[in-house]
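Undergrad: here is a sequence together with a model predicted from it:
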Amino acid sequence: MKSRLSVITALLSGLIFGFGLMLAGMANPAKVLAFLDITALWDPSLALVMGGAIAVGFMAFKIAGKRTSSVLGLPMNIPTLRAIDKNLVLGALIFGIGWGLAGICPAPAFVLFGTGSIKGIVFLISMLVGMGVFELIESRHK
Amino acid sequence: MTIYWNHFTPWSALAGGGLIGISVALLILLNGRIAGITGIIGGLFKPAKGDVAWRIAFTFGLIIAPIIWLLFGKLPEITIDANYGLLVVAGLIVGFGARLGSGCTSGHGVCGISRLSPRSIIATLAFMGTGFLTVFIARHLLG
């Protein structure tokens, strides 16, 4: 029951996330690129998207940090890793290049897929292949 | 730097951001999970028992968001200027980089910064940096 309920709340959370991206303009790659284009006429809207999300998220994690289990009785999976390692920095630098090329990051890729956009589907499949390549390389190093 | 006032949409940006924050809050407080898309999808590549359904449900929520939106009104403007070749390259880079760096805009940029995680702050600065740089090179040096 607990796990069944948690699937519904996860679905709801994903749905609200998707609505948020669409309302914010994050699901529009042209708007994302207009934010990343700081030297031309700059559209700073996406800084406010992050600001709005972080303001709410900050309060949520303040509460979450004090809990030992979730409201549904599930374990709190809050990352504990603190080391700033090569993979973190290198991966983020690489991710930013791809983000700057098309203006699409992982969450909006799924929303674009949902709109039925062929370009969105092509991006999503390529992104999943990229993730698969990472898994392959990682499993070989172990 | 000049602000493009005609395209600046502060209210919908803040409200959309607020909704993203509510989604993040729901997932951490109810499910004890971080709403980082890269991590959620990454966990599906190495499925663990009892740890699959919520990941699929969250992702499904993202996918059906525009479909449900359509029941109430017109979809907001969506313009993808990149051609197919560029989308393939960008997608591969985004997928690989986000997994290598353990997160993307949602996991590091929103959730990580919300918890004041030094790793996520560094990662966000890094991908914002190359994002700005890539657009600068593509639009103003090569474009």
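TA: Perfect, thanks for sending it. The structure displayed is predicted, hence computed values, not measured ones.
Undergrad: need the distance between the two termini of stretch B:96-114.
TA: The distance separating the two terminal residues of stretch B:96-114, taken as CA to CA, to the nearest Å, comes to 24 Å.
Undergrad: quick one: is that stretch near chain A?
TA: Yes - figure legend: stretch B:96-114 in contact with chain A (CB under 8 Å from any CB of the partner chain); contacting residues B:96-106, B:108-114. In short, each C-beta sits where N, CA and C put it, glycine included.
Undergrad: same check on stretch B:1-17?
TA: Yes - part of stretch B:1-17 sits close enough to chain A to count as contact by CB under 8 Å from any CB, namely B:1-4, B:7-10, B:12-17.
Undergrad: tell me which of the residues you listed fall in strands.
TA: Per DSSP state E, strands hold the following members of the residues of stretch B:1-17 next to chain A: B:2-3.
Undergrad: any of the residues of stretch B:1-17 next to chain A buried? List them.
TA: Among the residues of stretch B:1-17 next to chain A, those buried by neighbour count (16 or more other CB atoms under 10 Å in any protein chain shown) are B:7, B:9, B:12-17.
Undergrad: what's the nearest residue to B:Gly18 once chain neighbours are set aside in contact with, if anything?
TA: Residue nearest to B:Gly18 in three dimensions, not counting chain neighbours: A:Gly52, with 4.5 Å by CB to CB, 6 or more residues apart in numbering or on different chains. With contacts defined as CB atoms under 8 Å, 6 or more residues apart in numbering or on different chains, A:Gly52 is in contact with A:24, B:13-18, B:20-21.
Undergrad: roughly how far apart are A:Gly52 and B:Thr130?
TA: Using CB to CB, to the nearest Å, we find A:Gly52 at a distance of 24 Å from B:Thr130.
Undergrad: over to B:Gly61?
TA: Here the distance between B:Gly61 and B:Thr130 works out to 29 Å (CB to CB).
Undergrad: quick one: name whatever helix or strand follows the lowest-mean-pLDDT helix or strand in chain A.
TA: The helix or strand with the lowest mean pLDDT-type score in chain A, counting by mean pLDDT, DSSP states H and E, is strand A:41-42 (a mean of 90). Using DSSP states H and E, the helix or strand that directly follows strand A:41-42 along the chain is helix A:45-65.
Undergrad: residues of that following helix that come out buried?
TA: A:45-46, A:48-54, A:56-58, A:60-61, A:64.
Undergrad: tell me the contacts of the residue most central in space within chain A?
TA: Note on chain A: the residue nearest the mean C-alpha position is A:Ala107, at 4.7 Å, using CA atoms, centre = their mean. With contacts defined as CB under 8 Å, 6+ apart, the neighbours of A:Ala107 are A:17-18, A:21, A:26, B:37, B:62, B:104-106.
Undergrad: mind running it again at 10 Å?
TA: Residues touching A:Ala107, when contacts are defined by CB atoms under 10 Å, 6 or more residues apart in numbering or on different chains, comprise A:14, A:17-18, A:20-21, A:26-27, B:20, B:23, B:35-38, B:40-41, B:58-59, B:62, B:104-107, B:110.
Undergrad: ok so it is a helix residue?
TA: Yes - according to DSSP: H, G, I helix; E, B strand; the rest coil, A:Ala107 belongs to a helix.
Undergrad: what's the pLDDT at it?
TA: Turning to A:Ala107, the model gives it a pLDDT of 98.
Undergrad: over to B:Thr134?
TA: At B:Thr134 the predicted local distance difference test score is 98.
Undergrad: cool, and A:Met1?
TA: You'll see A:Met1 listed with a pLDDT of 59.
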